[in-house]
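Student: coords below, sequence missing:
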Ligand code: NI
């Protein structure tokens, strides 16, 4: 009886998602044409606001200068007091688009290359469907159109610091992200630690400059930098337990300007990725120790700055189990697959520290996706059919999570 009721609801939402698909494509392309960088999403905020008002949904007073928060109140006959939060990020990247399609970015050097235009359009589509079936919702749905996912400290933390969850007290939160390596039509789930904690590393090595023909009268920061880069490789291979994933990459190095001058200073930067907070703290401490001691051993001094980025994204196991079932009901269980943890980062992690939830990958891949169609690339080109799937799926998951 219950199963049948949800089968009917899924069918109803699938039909509606198919009907509004052209509208959701139009929204996505409009946002894609006009990408805005983190904290500058003024036009996108206005577009979201206008669309929601058109649906009869009045946005809540804004918590930040950009971004939109809105509530859909369910009027079902057996309300449960639950509140499901759905989140989309809305910012673009500083990247020049190189696609050939008809709706390429009109903004030079800016592009929706991480699919946040898709995320925003899918959540607007879900809002339309949910607003039409309010009488079947046994609780409320909070829509979070979050600014600034791409630049730390991100938009999630300021939202939480401003009291977003204290005010609305969500029972569960759901987010989804486009993934070109997941085929369109499928979603991928990962229980537990799914995405990495990220820390930016900045090292400055200072020595004594001098003539390159007389190194004994200098303290060479170039040589020290070379040893430091090699030495930090021992952290992952000799400090991290072999069964735990971690990354330390030195990605830039700058120093010197002439073949016969030993410079005074060399700067380096890089990234560190870990999957749990204990290991993160340990590696931060060991990095300090290794870099300063190696530099000192070679007669130079090193300053180490570690800028903390997003925390580990931890998908609540119980919610992920439920989501797997609901997504299976909506898409067919053969279309819900498992994902390995990945070492990229997401500020959705902050929401999950305060509220159980899950963040899944929505497939935007096509069979010919092998080259260039990766996140953050100038030719990222997600399959738009995911818009129909993603808007319906968010609406269905919200409706289902309000009951159980
Ligand atoms: Ni992204």
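Tutor: Perfect, I can see it now. Note that the structure is a prediction, hence the values are computed from the model and not measured.
Student: and the strands in the stretch 301-404 of the chain, which stretches?
Tutor: For the stretch 301-404 of the chain, applying DSSP state E, counting those that start in this stretch gives strands covering 301-308, 313-315, 336-338, 357-365.
Student: kindly report the same for the stretch 51-200 of the chain.
Tutor: Under DSSP E, counting those that start in this stretch, the stretch 51-200 of the chain gives strands at 68-73, 82-89, 139-146, 172-183, 187-189, 192-195, 197-206.
Student: make JSON lines out of the ones you listed and add distance to residue 329.
Tutor: For every residue, glycine as well, the C-beta is placed using N, CA and C. Converted to JSON lines, these look like this (distance: least, Cβ to Cβ, whole Å):
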{"stretch": "strand 68-73", "distance to residue 329": "21"}
{"stretch": "strand 82-89", "distance to residue 329": "16"}
{"stretch": "strand 139-146", "distance to residue 329": "18"}
{"stretch": "strand 172-183", "distance to residue 329": "15"}
{"stretch": "strand 187-189", "distance to residue 329": "12"}
{"stretch": "strand 192-195", "distance to residue 329": "22"}
{"stretch": "strand 197-206", "distance to residue 329": "33"}
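Student: which residues in the chain form helices?
Tutor: 2-33, 42-54, 116-132, 156-161, 164-168, 221-234, 277-297, 317-331, 348-354, 385-401 (DSSP state H).
Student: looking at these, spot the one closest to residue 179.
Tutor: Closest to residue 179 of those, according to Cβ to Cβ: helix 385-401, at 9.5 Å.
Student: elements contacting that closest one?
Tutor: helix 2-33, strand 82-89, helix 116-132, strand 172-183, helix 317-331, strand 357-365 (3 or more Cβ pairs under 8 Å, 6 or more residues apart in numbering; DSSP states H and E).
Student: give me the angle between the fourth one and strand 139-146.
Tutor: With axes from the mean of the first three to the mean of the last three Cα atoms, to 10 degrees defining the directions, strand 172-183 sits at 60 degrees from strand 139-146.
Student: got a list of what the residue at minimal distance from the centre of the chain touches?
Tutor: The chain has residue 346 as the residue nearest its centroid, 3.3 Å off, counting by Cα atoms, centre = their mean. By Cβ atoms under 8 Å, 6 or more residues apart in numbering, the contact set of residue 346 is 149, 177, 195, 310, 313, 359.
Student: need those residues in JSON lines (columns: distance to residue 319).
Tutor: JSON lines is the format used below for the contacts of residue 346 (distance: Cβ to Cβ, whole Å):
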{"residue": "149", "distance to residue 319": "21"}
{"residue": "177", "distance to residue 319": "16"}
{"residue": "195", "distance to residue 319": "16"}
{"residue": "310", "distance to residue 319": "20"}
{"residue": "313", "distance to residue 319": "13"}
{"residue": "359", "distance to residue 319": "10"}
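Student: now, the most widely separated pair of those residues?
Tutor: 177 and 310 (13.4 Å).
Student: so what touches stretch 314-326?
Tutor: 172, 174, 189-194, 336, 349, 352-353, 356-360, 396-397, 400-401, 404.
Student: and the residue nearest to the centre of the chain, how close does it get to residue 112?
Tutor: 16 Å (Cβ to Cβ, to the nearest Å).
Student: relative to helix 42-54, how tilted is the lowest-mean-pLDDT helix or strand in the chain?
Tutor: One helix or strand of the chain scores below all others by mean pLDDT, DSSP states H and E: helix 2-33, with a mean of 93. In terms of direction (the same axes, to 10 degrees), helix 2-33 departs from helix 42-54 by 140 degrees.
Student: helix 2-33 vs helix 317-331, what angle?
Tutor: Using the same axes, to 10 degrees, helix 2-33 lies at 90 degrees relative to helix 317-331.
Student: list the buried residues for helix 2-33?
Tutor: For helix 2-33, burial by neighbour count (16 or more other Cβ atoms under 10 Å) applies to 6, 9-10, 12-14, 16-17, 20-21, 23-25, 27-32.
Student: one more: stretch 199-214?
Tutor: 199, 201, 203-207, 209-210, 212.
Student: how far is stretch 235-245 from where the chain is centred?
Tutor: 25 Å (Cα atoms, centre = their mean, to the nearest Å).
Student: now the end-to-end length of that stretch.
Tutor: 12 Å (Cα to Cα, to the nearest Å).
Student: not counting its own residues, what contacts that stretch?
Tutor: Counting by Cβ under 8 Å, 6+ apart, 196, 246-248, 273-276, 279, 282-283, 286-287, 290, 341, 343 sit against stretch 235-245.
Student: swap in stretch 248-265?
Tutor: 201, 204-213, 215, 218, 220-222, 225, 229, 232-233, 235-236, 266-272, 283, 287.
Student: state the mean pLDDT of that stretch.
Tutor: Stretch 248-265 carries an average pLDDT of 97.
Student: cool, stretch 53-60 as well?
Tutor: Mean pLDDT, computed over stretch 53-60, is 98.
Student: do the same with stretch 161-179
Tutor: Rounded mean pLDDT across stretch 161-179 is 97.
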